[in-house]
Each structure stands twice: as C-alpha cells, then as structure tokens.
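*Asks:* Coordinates only, no sequence provided:
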C-alpha cells in the first residue's frame, strides 16, 4: 500500500476536477497537503475540514503563471514544512474549435500560459529545493493531443506538446539528483463540464479523474524511482 506519511505534496489547481481527485487521494494516503488555487475562498469551501489543520496549507490567490506569486508562496511552505517532496501540476485548460487562420493569437497565448508556463514557473520555484535535498517527484499533466495535432486544436495541442518536452528536459537535468519528473497523458476526462459540452458522447469510455489520480500517486511513489521523463497514456476506453 502506498504511504505518503510525512511527505509534503503540493497540488496546483486543487479545486479543479482532477486537482481535487489528486488531493483527496494523497489525503487518503496520509500526506501533508499544500493546495493552491487562483481564486478566493474556493479552497475553503472544497476542503472545510483542512482549514484549521497544522498538517496542511490552503493557499488562495496563487497565480502559477507568475513567478513572484509562486516564489513567495513556496518560501512560506518551506518555512512551515521545511521540504516539498512532491509537486503535481494539475492547472490547465482547453480551448479549441477554430482552424489556425481563424484562431486569435490571444488563444495561443492563453493556452501556452495556462498549460505550459504554469508548469515551467512552478517547477522553477520548487526544483532548486528538491535538488538541494536530493529528493523529489514532479508529475505534470499533458494530454493525448500533445502527441499528435488535430484539426481545430492547434493552440491546445501545441501547449500540451510543450508540457511533454518540458517534462523530458527537466527529467534529463535532474534524474541523477534523486528527482523524478514525469507526466501523464489523459484522454477525454469524465467531468461535468465535458459531459455538458458533449451530451451525445459515451461517457463510459472516458477516463475518470480518480483513475488519473491513481497513476499520479504511483509516479509520486518510491515504486516509480526508475521512471524518468515518461509520458504515460491514461485514455480509459476512448
């Protein structure tokens, strides 16, 4: 059985469907949670039992695309827990539906910022500490669309492909320093938002957030000590 007792786990985007599933899984396995969200009061509403706990940190107003916001927060975490053992980057988003000539440049900027820059900024803040401790795990969330582009998905596919390349590059830099960096490639995730957007789809074929969380827990565990720079497909039956 996986046991994360005494481990400090930072999960970005912890009020999202995947982020919440990941946070709950780590909580079930006795981890100390560090949960971030860019909004206000959403973490407290999602995790009311953790609000007054000394074992966990709920951090509103953390913008993971801005180094100053992330660096300041990471310093506070280290002051309290002295170490960050695991970073799970679940922040991300989806925008598609237009061919490239009709896709605003702002959409590309938005996808690269939300899906790629967020991984870069948070990893840049946490990696020096992990390197000093010679221990750590980072798990990023890319997507199947990052492996091959599809029509009307250019900005999204490019941003998720960049996450895969970032993962590989980071892994190559730190694999000899006791740190594992990997990513998962979800297929269509079974979320209320996706069900609303695709009412005629067969939801049974989609991958559950809890299934993705299970894979993330494995990659965050000592059992994955020899896995570096991997992009793990988790497609469900889709």
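*Replies:* Everything's here; your move. What you are looking at is a predicted structure, and each value in this text was computed from that prediction instead of being measured.
*Asks:* Output the longest helix belonging to this structure.
*Replies:* In the chain, with assignment by DSSP state H, the single longest helix is helix 154-174.
*Asks:* Whichever helix or strand comes after that helix pairs with which strands, and in what direction?
*Replies:* Using DSSP states H and E, the helix or strand that follows helix 154-174 in sequence is strand 179-186. Partner strands and pairing direction for strand 179-186 (DSSP bridges) are strand 136-141 (parallel), strand 231-234 (parallel).
*Asks:* what's the angle from strand 179-186 to helix 154-174?
*Replies:* Taking axes from the mean of the first three to the mean of the last three C-alpha atoms, to 10 degrees, one finds that strand 179-186 is oriented at 160 degrees with respect to helix 154-174.
*Asks:* what residues does the helix or strand where residue 111 lies touch?
*Replies:* Taking DSSP H and E as the criterion, residue 111 maps to helix 105-111. The contact list for helix 105-111 (C-beta atoms under 8 Å, 6 or more residues apart in numbering) reads 93, 95, 98, 154-156, 158-159. C-betas here are computed from N, CA, C, even on glycine.
*Asks:* before we move on, back to that, could you point out which of the strands paired with strand 179-186 sits nearest residue 75?
*Replies:* Closest to residue 75 of these is strand 136-141 (C-beta to C-beta; 16.7 Å).
*Asks:* what's the average pLDDT for that closest one?
*Replies:* In this model, strand 136-141 has a mean pLDDT of 98.
*Asks:* Figure out how far it is from the centre of its chain.
*Replies:* Distance of strand 136-141 from its chain centroid, counting by C-alpha atoms, centre = their mean, to the nearest Å, is 7 Å.
*Asks:* Stretch 50-63 too?
*Replies:* Stretch 50-63 sits 17 Å away from the centroid of its parent chain (C-alpha atoms, centre = their mean).
*Asks:* end-to-end on that stretch?
*Replies:* Stretch 50-63 has an end-to-end distance of 21 Å (C-alpha to C-alpha, to the nearest Å).
*Asks:* Around residue 73, count how many other residues there are.
*Replies:* Residue 73: 21 surrounding residues under other C-beta atoms under 10 Å.
*Asks:* residue contacts, it?
*Replies:* 36, 59, 62.
*Asks:* and these as CSV, adding distance to residue 27 and pLDDT?
*Replies:* Output for the contacts of residue 73, formatted as CSV (distance: C-beta to C-beta, whole Å; pLDDT from 0 to 100):
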residue, distance to residue 27, pLDDT
36, 15, 97
59, 16, 95
62, 19, 97
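*Asks:* Name the SS class of the residue located most distally from the centre of the chain, please.
*Replies:* Distance to the chain centre peaks in the chain at residue 101, reaching 30.3 Å (criterion: C-alpha atoms, centre = their mean). Following DSSP: H, G, I helix; E, B strand; the rest coil, residue 101 is assigned to helix.
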